[in-house]
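>>> Model the following, please.
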Amino acid sequence: MRISVDISEAILEDVMALTGEKNKSPALAKAVEEFVRRARAREFGRLIREGAFDYPDPEPEPADLANPVPPLHHS
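Okay, here's the model as predicted:
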């Protein structure tokens, strides 16, 4: 989508330098995409901290009654 944006030349130069793009449009597109990605990540982190994805623990594995002592695991 094409849009017109008023942005200072200094900020635009910074955006181009930070994104590594040599042209204005790709630099702005990359910067906006990164902004949205980070905002979504912050929101996801907030939801995790608030317990929105707090699922119950899975059922424990049934005990092996024939072998009550679990085998040793060597690292």
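
>>> Tell me how far the residue most central in space within the chain lies from residue 29.
For the chain, the residue sitting closest to the mean C-alpha position, by CA atoms, centre = their mean, is residue 41 at 4.4 Å. Using CB to CB, to the nearest Å, residue 41 is found at 19 Å from residue 29. For the C-beta atoms, the positions are set from N, CA and C on the backbone; glycine is no exception.

>>> now do residue 15
As for residue 15, its distance to residue 29 is 10 Å (criterion: CB to CB).

>>> For those two, work out which one has more neighbours and name it.
residue 15 (17 against 13; other CB atoms under 10 Å).

>>> Go ahead and confirm that one touches residue 25.
No - applying CB atoms under 8 Å as the test, residue 15 and residue 25 come out as separate, 10.8 Å apart.

>>> which helices and strands does the helix ranked longest in the chain pack with?
Longest helix of the chain, by residue count under DSSP state H: helix 24-49. The helices and strands touching helix 24-49, judged by 3 or more CB pairs under 8 Å, 6 or more residues apart in numbering; DSSP states H and E, are helix 9-19.
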